[in-house]
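> I would like the atomic coordinates for the input below:
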Amino acid sequence: MQGMDDIYDDKSVSDILKNLNTNYSTELAELVEMTFGSKPEPELQRLSTAEMIAIGSFGFRLLCHYHRWETAEKNDRMFHEHTDETTRIFTIPFPTQPRSREELLTVIEEMIKDAKASYLKGFD
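Alright, predicted model coming up:
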């Protein structure tokens, strides 16, 4: 049986982080919204990006960038003016604690699959 240090070794975590940030940015943002809602704090406005910064026994740790947008002209919905940016770090726990590297990859795959389904459901 692998120890926790073996599951979350630097090389494995680095590879997983790179893969998730490169290929699943939409799903990461959706995971944040699924877990905390679209406005987890009253002053936060619109989640623009979520970047995975750590994985461990605690789950995922994500750096989230929120932007506040103001409509420049009421008649032109497509044009928005960027007013400010706020960042927050959120931790999303794993639904079950992985006991091996294979279980870790399976848990991550399921979380990403659920996030993708949730995101696509928004288009129905």
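> strand partners of whichever strand or helix holds residue 63, parallel vs antiparallel please.
Using DSSP states H and E, the element containing residue 63 is strand 59-71. With DSSP bridges as the test, strand 59-71 is paired with strand 46-56 (antiparallel), strand 80-92 (antiparallel).
> where does the residue nearest in space to the middle of the chain sit: helix, strand or coil?
Nearest residue to the geometric centre of the chain (CA atoms, centre = their mean): residue 28, 2.9 Å. Classification of residue 28 using DSSP: H, G, I helix; E, B strand; the rest coil returns helix.
> bridging residues for the residue nearest to it when sequence neighbours are not counted?
Nearest non-adjacent residue to residue 28, counting by CB to CB, 6 or more residues apart in numbering: residue 50, 4.3 Å away. All C-beta spots, glycine's among them, are computed from the backbone N, C-alpha and C. Beta-bridge pairing for residue 50 (DSSP bridges): residue 64.
> hmm, residue 50 is touching residue 25, no?
Yes: counting by CB atoms under 8 Å, residue 50 touches residue 25, with 7.1 Å between them.
> hang on, the earlier thing: for the strand holding residue 63, which positions count as buried?
59-60, 62, 64, 66-67 (16 or more other CB atoms under 10 Å).
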